[in-house]
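# here is a sequence together with a model predicted from it:
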Amino acid sequence: MKAMTAIAARKEKGFTLIELVMVIVILGILAAFALPRFADFGNEARLATLEGGVGAVKSAAAIAHSRWVADGSVASQAVDLDGATGITMSAEGYPTNDAAGIGTAAQLDANDFSFSGSTIVLESAVDADEDGTVACSFTYDPTTGGVTARATGEC
């Protein structure tokens, strides 16, 4: 009788090799379906950073223009805002398209954004396409204070 209960107790002590293999296979299948959904958040993060930069530029241009008008609309007079001083302004009263203008007004971090002519480029997506355009950038117009074009393809 003791031998029978010892054998029965030994059989109920764990999982068989087949059960363990099946669990590993099921986990592998689930991971194969879940991984592509969570693998590439870099593109979405760059797009969100770009959209944040666009919003900051639009808001900063409007606030700096309002301050320029309130200060008397003097051509080429620097504007001071809270946290940003010496913002260079265009003749139309909007921040210039450089680091001393819209870069200072919008407080764009030089590690994140750079200025290339009228284009503001997201530094984490500097890869240029075959035609030389940067995939993740936007264009700021210092005559109107608006963002006129956005390139977000393959950002």
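Structure received. Residues are numbered from 1 along each chain as shown.

# which neighbouring elements make contact with the top helix by length along the chain?
Longest helix in the chain, counting residues (DSSP state H): helix 42-70. If contacts are counted by 3 or more CB pairs under 8 Å, 6 or more residues apart in numbering; DSSP states H and E, helix 42-70 sits against strand 79-81, helix 104-105, strand 119-122, strand 137-141, strand 146-151. C-beta: built from backbone N, CA, C; applies to glycine.

# middle-most residue in this protein, spatially?
Centroid-nearest residue in the chain, with CA atoms, centre = their mean: residue 49, separated by 2.2 Å.

# number of nearby residues for the closest residue in space to that residue that isn't next to it in sequence?
Spatial nearest neighbour of residue 49, chain neighbours left out: residue 122 (6.1 Å); criterion: CB to CB, 6 or more residues apart in numbering. Neighbourhood size, residue 122 [other CB atoms under 10 Å]: 22.

# residue 122 pairs with what?
Counting by DSSP bridges, residue 122 is bridged to residue 113.

# okay, it: pLDDT?
At residue 122, the model reports a pLDDT of 84.
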